[in-house]
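[1] 3D, please:
(2 chains)
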There are 2 protein chains.
Amino acid sequence: MALSSALLDQAVDQLATLPGIGRRTAMRLALDLLRREEHEVIRFSEAIRRLREKVMYCTECCNISDRAVCDICANPARDHTMICVVEDIRDVIAIENTRQYKGLYHVLGGVISPMDGRGPDELHTQELFARVGRGGIAEVVLALGATLEGDTTCFFLDRKLQGIVPKVSMIARGISIGGDLEQVDEVTLGRSIADRKPYEQSVRR
Amino acid sequence: MALSSALLDQAVDQLATLPGIGRRTAMRLALDLLRREEHEVIRFSEAIRRLREKVMYCTECCNISDRAVCDICANPARDHTMICVVEDIRDVIAIENTRQYKGLYHVLGGVISPMDGRGPDELHTQELFARVGRGGIAEVVLALGATLEGDTTCFFLDRKLQGIVPKVSMIARGISIGGDLEQVDEVTLGRSIADRKPYEQSVRR
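    Predicted structure coming up:
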């Protein structure tokens, strides 16, 4: 579809590069932006530009941060002997919201995905090994998605970390709390049966 | 959710102002932009800023254009006695793609919607009346969506245009070509029965 305006065409092209946004939606977004005041659109465009230009990553955990060392890594009240390995900042937020974890994080920036040309070196794995290599870490918790790519990454990290760190663990997989058995897929259900635990250990006291 | 980075927070806030984009999706978009090269993100942000700063509207039909008079209005091969009134540029593109219409357009920039505080004066209605008032127009075709707001706008325009222009018409409503009767909603089906035409007129010869 050729548009009557090259400016509009370019904006739609750019918006359509966003994941999950096709050209039709991109056009809707562009028309919405056009209806706004100019200063609002400048603020919008500047927020995106500034994010990319000025973003910093914590030198410890590689999470997005406004400081050289992020609030979590700099917090002396947290358990500095535990590192939870996650894919990105969204997982840090999700785990923080559970209030169940008091250790540190390590943000990989993705998972190993040969299909997308993403190997271990495209992720922050070297930073993790260097960090663990400095000593003082008792346990690394792998908290990646239960996907093929997540599993591959867990396998890779476990192999590399064995011998450097006393304990490598992985977050539990099983049926969701509040879930009906009949609605659980068979792989998850099968796994949760294989991974069953003594009743006393399963019930929170 | 408080983020570890004010920059990220602001970018997510801004992306979440787009229609149909919640904070969760906005976060996904922001992380995707962060993974790109800096020059790509600058091109992205500039395309949006430039669209809003430099956009021009055709002085005739109010469509988005890079020139004072758009390609359609400037084209002598088109029928300058017909004006098709549409909501926005997407409708112009959709109608152009049918190759069934050779007249001019008038882009309202929306429809009357009291709920959104949009009355006739927020739309390009005055430009339409001025344009028709200059004479030489034989027919105005109302091609707005078959919604309450579209109908209200058609009603308003028809009342205002009666007497200034020889003919005000509205695009046909009825069942879609290729559609099964049982899947058509009852309002559309009822309307298509009421608006039935002699068979000879209905079949394209």
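[2] Tell me who's in contact with the residue nearest the centre of chain A.
    For chain A, the residue sitting closest to the mean C-alpha position, by Cα atoms, centre = their mean, is A:Asp88 at 2.1 Å. When the contact criterion is Cβ atoms under 8 Å, 6 or more residues apart in numbering or on different chains, the partners of A:Asp88 are A:107-110, B:31. In short, each C-beta sits where N, CA and C put it, glycine included.
[3] how does chain A divide up, domain by domain?
    Each domain of chain A is listed here as a residue range: A:6-42, A:57-170, per automatic domain parsing.
[4] Help me see whether the first one makes contact with chain B, please.
    Yes: for domain A:6-42, a contact with chain B is found by Cβ under 8 Å from any Cβ of the partner chain, at A:6-8, A:10-11, A:13-15, A:17-20, A:25, A:27-36, A:38, A:41-42.
[5] Tell me the helix or strand right after the longest helix seen in chain A.
    Assignment by DSSP state H gives helix A:38-54 as the longest helix of chain A. Later in the chain than helix A:38-54, the nearest helix or strand by DSSP states H and E is strand A:56-57.
[6] that older thread, of all the domains of chain A, which one is nearest B:Thr153?
    Ranking the domains of chain A by their distance to B:Thr153 (criterion: Cβ to Cβ) puts domain A:6-42 first, at 16.8 Å.
[7] Just the endpoints, please. Distance across the closest one?
    Using Cα to Cα, to the nearest Å, the gap from the first to the last residue of domain A:6-42 comes to 19 Å.
[8] How about it, which residues are buried there?
    Along domain A:6-42, the positions that meet the burial threshold by neighbour count (16 or more other Cβ atoms under 10 Å in any protein chain shown) are A:7-16, A:18, A:21, A:25-31, A:33-34, A:41-42.
[9] Same check on stretch A:43-53?
    Going by neighbour count (16+ other Cβ under 10 Å), the buried part of stretch A:43-53 is A:44-49, A:51-52.
[10] near chain B too, which of these?
    A:44-49, A:51-52.
[11] Can you name the element that comes right after the host helix or strand of A:Val187?
    A:Val187 is located in helix A:186-194, with elements delineated by DSSP H and E. Per DSSP H and E, the first helix or strand lying C-terminal to helix A:186-194 is helix A:199-202.
[12] about what we covered before: against which helices or strands is the longest helix of chain A packed?
    Other elements packing on helix A:38-54 under the criterion 3 or more Cβ pairs under 8 Å, 6 or more residues apart in numbering or on different chains; DSSP states H and E are helix B:6-15, helix B:23-34, helix B:38-54.
[13] Excluding its own residues, what touches the last one? List them.
    Looking back up the chat, that one is helix B:38-54. With contact meaning Cβ under 8 Å, 6+ apart, helix B:38-54 is reached by A:7-8, A:10-11, A:13-15, A:17, A:30, A:33-34, A:36, A:38, A:41-42, A:44-46, A:48-49, A:51-53, B:33, B:36.
[14] What is the top strand by length along chain A packed up against?
    Scanning chain A for the strand with the most residues, using DSSP state E, yields strand A:79-86. When contacts are defined as 3+ Cβ pairs under 8 Å, 6+ apart, strand A:79-86 packs onto helix A:89-98, strand A:103-107, helix A:125-133, strand A:139-142.
[15] Quick one: mean pLDDT for it?
    This predicted structure assigns strand A:79-86 an average pLDDT of 96.
[16] tilt between it and helix A:89-98?
    On the basis of axes from the mean of the first three to the mean of the last three Cα atoms, to 10 degrees, strand A:79-86 is oriented at 130 degrees to helix A:89-98.
[17] coming back round to it: could you redo the helices and strands packed on helix A:38-54 as a markdown table and give each row distance to B:Gly163 and mean pLDDT?
    Output for the helices and strands packed on helix A:38-54, formatted as a markdown table (distance: least, Cβ to Cβ, whole Å; pLDDT from 0 to 100):
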| stretch | distance to B:Gly163 | mean pLDDT |
| --- | --- | --- |
| helix B:6-15 | 48 | 94 |
| helix B:23-34 | 50 | 94 |
| helix B:38-54 | 39 | 95 |
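[18] For the ones next to chain B among the buried residues of stretch A:43-53, which two are the farthest from each other?
    Of all pairs drawn from these, the greatest distance, 13.8 Å, lies between A:Phe44 and A:Arg52 (Cβ to Cβ).
[19] who wins for proximity to chain B among the helices and strands packed on strand A:79-86?
    When the helices and strands packed on strand A:79-86 are ranked by distance to chain B, counting by Cβ to the nearest Cβ, first place goes to helix A:89-98 at 5.5 Å.
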